[in-house]
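Student: Below are the sequence and a predicted model for it; my questions follow.
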Amino acid sequence: MTSLSSQERTVIQTLLEMNYSVRAIARFSNRSPSTVSVEIHQVTPYKADAAHELALNKRYLRGRPCTPTTAIGFFLNHHIGILRWSPETAAHILGLPFKTIYNWINNGLIKLKMSDLPGKGIRRKRQSDGRRQVFVHGRWIETRPESMKARQTFGHFEVDTMQLGKKRGEVLVTITERLAGNIL
């Protein structure tokens, strides 16, 4: 059922003053007779302005009330605030949507704050997948001086690393002298 507009209520009032029947008013306004009958009986004697004001006030009473009872408030304060449950767990136990509990917290309807929630503000850092990072220090092999490429002088070393397993930190390092080929 859609609500009547202020103009439709004025038409109903005018036709009532002209002694039209409920069915005639419904036919004229292209509404159901029950809609017109309910509208007329809301305010007696019928005044369009008073009926419209009453309808606007009743509009705020629609829907399910969203206030926690004292028992639910105590349960949430104890289990979330003291026992450090998550709102999702408490919502599951109470049979409520968890979004309702968050709305109660945000609107101040229970004694908890967002800072009281367990794990609030903690962000998990993304762990490395173990792949090699980009090498930014030193020289690349391709940019070696020609004297090193010729392998004619002693004292030039080549370092290489190899990761052992999947854990970070376990690395095998090989150091090779370029002239003699000795491995350290």
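Tutor: Now that the structure is in, tell me what you want to look at.
Student: quick check: domain ranges of this structure?
Tutor: As recorded under automatic domain parsing, the domains making up the chain are 6-59, 70-116, 141-177.
Student: first vs last residue of the longest one, how far apart are they?
Tutor: According to C-alpha to C-alpha, to the nearest Å, domain 6-59 extends 14 Å from its N-terminal end residue to its C-terminal end residue.
Student: now stretch 21-40
Tutor: First-to-last residue span, stretch 21-40, C-alpha to C-alpha: 11 Å.
Student: gap between it and the chain center?
Tutor: In this view, stretch 21-40 has its centroid 45 Å away from the chain centroid, taken as C-alpha atoms, centre = their mean, to the nearest Å.
Student: ok, now stretch 172-184?
Tutor: On C-alpha atoms, centre = their mean, the centre of stretch 172-184 falls 56 Å from that of its chain.
Student: what's next to that stretch, contact-wise?
Tutor: With contact meaning C-beta atoms under 8 Å, 6 or more residues apart in numbering, stretch 172-184 is reached by 148, 151-164. No exception for glycine: its C-beta is placed from N, CA and C like everyone else's.
Student: Now do the buried residues in the helix or strand encompassing residue 53.
Tutor: Residue 53 is part of helix 48-59 when elements are defined by DSSP states H and E. Of the residues in helix 48-59, those with enough neighbours to count as buried (16 or more other C-beta atoms under 10 Å) are 48, 51-52, 55.
Student: what residue lies at the spatial centre of the chain?
Tutor: The centre of the chain sits closest to residue 99, judged by C-alpha atoms, centre = their mean, with a distance of 8.8 Å.
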